[in-house]
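# just coords:
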């Protein structure tokens, strides 16, 4: 049975060209980048070239790019630094953030290090900008705002430029979780007011276990991991050499092919939305699916009944990989915190399914999934 993989927001397949770029560093180029002899210098040079490539693509300075283990570490580093090193005593976030953010800010608030506020979410899943400004105006302390650029479950896109301008107006520190958008959209970091943002290689056909943290050159923070002097004294621990090479290669490929790939994936999302509407009278879409939204993600809710109750399980049995929400909580069968938040708790009568697409998916696969859903629902 051939599988249909519609869960690319959880992870993507590794591009063969990325594996090819990584292979020499898994075999003969095995030197520790901190070693001073030729084996080490060779790998150190490869890391610095990868850093320059990532910086060029994001229009940042190489000194602003730090390699990490992924989005979660980057978020933890940024938020802890904002409180510890940048004098922030107030955190503003949203109830729709990834757990890497939510659990970190809850910890910082519960341990008495900062006050925590949640910005209101509009019925379409977007951040209430008027309420965000209200929270910033009313804050007696320096604030860190942490809001994701694109929601990993419903796909809504934040107006990152507008939020940045609000943060500039109130001298707030701005962190954005850009894990779903780095490698999927062009970035010009010189044109954005943002202090921290993060990326993860496995979201755009790169390897797992490697990511970046962008730290704006105008701020100075201390390391989150202490030990060695790797990553210019910012992240102790031997570098994930082959991961870093793979991250840069995947980002280069994603950037080169952005126009073609994004148009293809957007057409699949639009086609699937149309097919679902035509074939399932009760289907609704979560978030701003046909508005300001990721071209890779479509989150649909099916009316709950005996047949649809086991929908995820039945699709899996049919070889179709989809999810009910974030991969980090995919073991859970209850509704995700994102779906609950945008529906104000009135979501028990629905079965949400997230379909997320990549350049490898086809219209034929969409048709096959719709046919299977007709049988199941």
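Received it, and whenever you're ready, just let me know what you need. Not measured: the values here are computed from a predicted model. Residues are numbered from 1 along each chain as shown.

# what's the neighbour count on residue 218?
Counted with other CB atoms under 10 Å, residues neighbouring residue 218 total 7. Every C-beta, even on glycine, is put in place using the N, C-alpha and C of the backbone.

# oops, could you answer that again for residue 49 instead?
Count around residue 49 with other CB under 10 Å applied: 14.

# give the buried residues for stretch 118-132.
Neighbour counts over stretch 118-132 (16 or more other CB atoms under 10 Å) mark 118-119, 121, 125-127, 129, 131-132 as buried.

# contacts for it?
92-96, 135, 145, 147, 151, 154, 156, 158-159, 162-163, 166, 286-288, 291-292, 341-342 (CB atoms under 8 Å, 6 or more residues apart in numbering).

# give me the subset of those lying in strands.
Counting by DSSP state E, the part of the contacts of stretch 118-132 found in strands is 92-93, 145.

# using JSON lines, lay out those together with pLDDT and distance to residue 54.
Output for the ones in strands among the contacts of stretch 118-132, formatted as JSON lines (pLDDT from 0 to 100; distance: CB to CB, whole Å):
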{"residue": "92", "pLDDT": "98", "distance to residue 54": "28"}
{"residue": "93", "pLDDT": "98", "distance to residue 54": "26"}
{"residue": "145", "pLDDT": "98", "distance to residue 54": "24"}
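
# counting neighbours, which of those residues comes out on top?
residue 145 (29 neighbours).

# any idea how far residue 342 is from residue 335?
11 Å (CB to CB, to the nearest Å).

# which of those two has more neighbours?
Taking neighbours as other CB under 10 Å, residue 335 and residue 342 compare with residue 342 leading, 23 against 18.

# show me where the chain has helices.
Using DSSP state H, the helices of the chain run over residues 16-26, 38-58, 71-84, 99-110, 129-137, 160-169, 230-233, 241-256, 258-279, 311-317, 337-342, 363-376.

# the second one: which residues count as buried?
Within helix 38-58, the residues that qualify as buried by neighbour count (16+ other CB under 10 Å) are 42-44, 46-47, 50-51, 53-55, 57-58.

# and the last one, by the same measure?
Using 16+ other CB under 10 Å as the test for burial, helix 363-376 gives 365-366, 368-370, 372-373, 376.

# dump those into a markdown table; add distance to residue 240 as well.
Output for the buried residues of helix 363-376, formatted as a markdown table (distance: CB to CB, whole Å):
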| residue | distance to residue 240 |
| --- | --- |
| 365 | 33 |
| 366 | 36 |
| 368 | 37 |
| 369 | 35 |
| 370 | 40 |
| 372 | 39 |
| 373 | 40 |
| 376 | 41 |
